[in-house]
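Participant: Here is my input; please provide its structure:
(4 chains)
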There are 2 protein chains.
Amino acid sequence: MTRRPRTAPGTRKAGRRAAAATAAGVTIREVAQAAGVSVATVSRVVNGTAVVRDDTRHRVEAEVTRLGYSPNAAARSLITNRTNTIGVVLPDIWGEYFSEVIRGIDLSARQAGYHVLVSSSHSDVAETRDVLRTMHGRVDGVIVMSPHASPRELQGCLPPSLPVVFLNSAPGGAPHAALHVDNRGGARAMVAHLLGLGHRRLAFVTGPASNFDAAERRRGCRDALRTARLGPDAVSEFEGDFGEESGQVAGEAIVRLETRPTAIFAANDSMAIGVLFALRGAGVRVPEEIAVAGFDDIPIARFASPPLSTVRLDIRTLGERALARLLAEISGEGASQAVREVLPIRLVLRESTGDRDGDARTGPPRAASVSQIVINSSTVRRRKAS
Amino acid sequence: MTRRPRTAPGTRKAGRRAAAATAAGVTIREVAQAAGVSVATVSRVVNGTAVVRDDTRHRVEAEVTRLGYSPNAAARSLITNRTNTIGVVLPDIWGEYFSEVIRGIDLSARQAGYHVLVSSSHSDVAETRDVLRTMHGRVDGVIVMSPHASPRELQGCLPPSLPVVFLNSAPGGAPHAALHVDNRGGARAMVAHLLGLGHRRLAFVTGPASNFDAAERRRGCRDALRTARLGPDAVSEFEGDFGEESGQVAGEAIVRLETRPTAIFAANDSMAIGVLFALRGAGVRVPEEIAVAGFDDIPIARFASPPLSTVRLDIRTLGERALARLLAEISGEGASQAVREVLPIRLVLRESTGDRDGDARTGPPRAASVSQIVINSSTVRRRKAS
DNA sequence: ATCGCGTATGTAACCGTTTACATTGCAAAG
DNA sequence: CTTTGCAATGTAAACGGTTACATACGCGAT
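Facilitator: Next comes the predicted model:
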């Protein structure tokens, strides 16, 4: 009845082998046959999981290189249940901020033998969910950077078994590790510094309303004013979106004010550069008439005109730490489940606030209150290629 | 003799099922059992590969969502031989240039249902090779951006069956598709413009010696001088590395010259910004005393002081095109094997060269010689988050 | 000689899918 | 009533590894 006779058990293997040879990759069976050993032995040689006699090993190794064998990742992870890949979910990738994060993660990931599956540009929670779902089974763990959605909102789509580390996200009560930079403390320190310089009328250019980092920076700004016992009318706020243009718009609005502030603090460097651009266009001298400060210390900040005072984040370290936590969690040491780690910041005072120092001077004493955790943040930024 | 009795054929499946239930993910078998159908039917419902009766389908779908089933990617790609993932190999990730490339690739990749596996920071060819090897079996194709290694050098580690697209790489004779931006034509057009403004003594700040983009830009610069019948002594070259600091160093060297050039062309914007910084420090007025131009049109260029004239690359489009080519190659339409596609550039003339225009004015007529291929490059750069 | 044991290697189950082919049921055609 | 064909579903091989267990072998102790 059968139209095609089923391959008899004996012929089956031979058929397999022949078929595999036509496919793209060399299989472990071909290597085994060529070396005159079993697949188990080849596997042992390739993975070094057991002792193999020297001559056998040499023979296998020779065939491996001759045939250019490379184990099929899918087959391997199917049985081992590990992919050696971690996922990185970003809201979007702009400019230097995100590339530094990816860079930090990628560098340490490769060192640890992991690959990195990125996914960016998630405008909303639904999309983030979607990505998280399709990543399932492709990754051993995920680093999620979601300034708009709190961990709680993403809870549903996270298999409870999947290790996750959140980066700069709103505290969401989820039982996951979370790292963030000390946005609030950094902003507090910078505003305190400006107040220390004698400024009493400030302007603050905010980030996007829904962004958690932005919200924290605003909080830090208000903290400092409160500590100095200044009323909320000491600062006027202008809404920005973290882009240069919004900084420019805010700067233009500020110069039109009847009583101008004497200092402007922008929630990130890009906007601060937009502010500088607007002030220059209006003929306002910085820092003599108005001081300007930013946040992030992107590489270009030193080269602004005048060089921009800012709050330095060691973003690369953030990525590295995130990976370290994730790997710890993957290897099951995730006992310390809901860890929250805060990375410290440093004030970098340059000419835009009238601090005529060159670079990297540590902030005033109160910056010490920022965080206990000390991390080697002396990495020199180098950039070399196009 | 056997210490443990082998599971009889009949009990095997039951054992399997039970074991699977303990593991992390829900398997297709559990769904099948719950819905009272076979695994084949579940597969058909999930993939929509065959007609299934309505009531059966509804039952299966219900169980899928109830159990939160998501197909195991490894198992699937083992049998289908497709991973729905593409690899991106970058020399390193700095600043806005690379994040734009990744962004362009990632956006179109996700739209096409693909994931992106990135790997950056490959200082040398050996490392690139290594990465390419371990990516094998994890990706359906690779986009390689390797300004230092020519495709020929990577030939050895590329399985001939793996679709590959090179980005901005030296021409290597390899039978692979290659895209690049018109570095040479762009540089030629900018220098021609400077000459058209009357400049006769130029300085050119080069990129890293081993970088192909940098070499092309230098060639374009020389082309323009030759066309204008000016001797090679009309331009003095200063070596840079694409970082701001090297631009600053070059700028400082230039102002120390006994006879200064009247225009400086830097091989990228970062260095041009370093040059501007140096000139400002030395009290040299731009563009009155010296004109300055860059290459790339990174977002910050408009906000430089003065706003920087530059050559705009639509980097995101580059990424998109690369992905499109790769997908074509993956789906077997790679008949046009050794395609070389050149993306056009545009001159963006701002104040740093004395062109008082705002933004995005198209270059002089000769820019038309740059390339025939016209691509919608009117995308407005927007940046919103931290 | 036999036994026991350790070492090196082989055999085949198993991972979770997809899919070719088999099977079943039912309606229309003969 | 039997045959034929089609539609819906089931069965099990196959993907390419890893690894538990089986086996073969050599060697010293009994």
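Participant: For chain A, which segments count as helices?
Facilitator: Secondary structure of chain A by DSSP state H: the helices cover A:9-22, A:28-35, A:39-47, A:54-67, A:73-80, A:95-111, A:125-135, A:151-154, A:183-196, A:212-227, A:244-255, A:269-281, A:315-330.
Participant: Quick one: closest of those helices to residue B:168.
Facilitator: Evaluated over these, closeness to residue B:168 peaks at helix A:95-111, with 17.0 Å, by CB to CB. Heads up, the C-betas are built off the backbone N, CA and C, glycines and all.
Participant: Leaving out chain neighbours, which residue sits closest to residue A:315?
Facilitator: Spatially, and ignoring its direct neighbours in sequence, residue A:315 is nearest to residue A:100 (4.1 Å; CB to CB, 6 or more residues apart in numbering or on different chains).
Participant: what sits against that neighbour?
Facilitator: Neighbouring residues of residue A:100 by CB atoms under 8 Å, 6 or more residues apart in numbering or on different chains: A:315-316, A:319.
Participant: Of those, which are in range of DNA strand C?
Facilitator: Among the contacts of residue A:100, no residue lies close to DNA strand C (CB under 7 Å from any atom of the strand).
Participant: out of those residues, which one sits closest to residue B:140?
Facilitator: residue A:319 (27.0 Å).
Participant: and the gap between that closest one and residue A:341?
Facilitator: For residue A:319, the distance to residue A:341 equals 13 Å [CB to CB, to the nearest Å].
Participant: Between the two, which is the more surrounded one?
Facilitator: Set residue A:319 next to residue A:341 and count neighbours by other CB atoms under 10 Å in any protein chain shown: residue A:319 wins out with 26 against 17.
Participant: and that one, what does it touch?
Facilitator: A:100-108.
Participant: Residue A:71 against residue A:28, yeah?
Facilitator: Yes: look at residue A:71 against residue A:28 with CB atoms under 8 Å: they come within range, at 6.9 Å.
Participant: which residues do the two both contact?
Facilitator: By the contact definition CB under 8 Å, 6+ apart, residue A:71 and residue A:28 are jointly contacted by residue A:46.
Participant: Buried deepest among the helices of chain A, which one?
Facilitator: Most buried of the helices of chain A by mean neighbour count (mean count of other CB atoms under 10 Å in any protein chain shown) is helix A:269-281; its value is a mean of 26.
Participant: Remind me what that helix packs against, helices and strands.
Facilitator: On a contact count with 3 or more CB pairs under 8 Å, 6 or more residues apart in numbering or on different chains; DSSP states H and E, helix A:269-281 meets strand A:202-206, helix A:244-255, strand A:263-266, strand A:291-293.
Participant: Throw those into TSV and include mean pLDDT, thanks.
Facilitator: Supplementary listing: the helices and strands packed on helix A:269-281 in TSV, determined by pLDDT from 0 to 100:
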stretch	mean pLDDT
strand A:202-206	97
helix A:244-255	96
strand A:263-266	98
strand A:291-293	98
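Participant: Show me the one of these that comes nearest chain B.
Facilitator: Chain B lies closest, by CB to the nearest CB, to one member of the helices and strands packed on helix A:269-281: helix A:244-255, at 5.3 Å.
Participant: State the distance from residue A:131 to chain B.
Facilitator: Taken as CB to the nearest CB, to the nearest Å, the spacing of residue A:131 relative to chain B amounts to 8 Å.
Participant: In contact with the residue lying closest to that residue once chain neighbours are set aside, which residues?
Facilitator: The shortest distance from residue A:131 to any residue other than its chain neighbours is 4.7 Å, reached at residue A:119 (CB to CB, 6+ apart). For residue A:119, the contact set (CB under 8 Å, 6+ apart) comprises A:87-90, A:131, A:135, B:106, B:110, B:115-116.
Participant: so residue A:322 touches residue A:142, yeah?
Facilitator: No: contact criterion CB under 8 Å: residue A:322 and residue A:142 do not qualify, at 10.4 Å.
Participant: so what sits against both of these two?
Facilitator: In terms of CB under 8 Å, 6+ apart, residue A:322 and residue A:142 are both contacted by the residues residue A:165.
Participant: Just put the helices and strands packed on helix A:269-281 in JSON lines and tack on distance to residue B:125.
Facilitator: Formatted as JSON lines, the helices and strands packed on helix A:269-281 follow (distance: least, CB to CB, whole Å):
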{"stretch": "strand A:202-206", "distance to residue B:125": "46"}
{"stretch": "helix A:244-255", "distance to residue B:125": "37"}
{"stretch": "strand A:263-266", "distance to residue B:125": "43"}
{"stretch": "strand A:291-293", "distance to residue B:125": "44"}
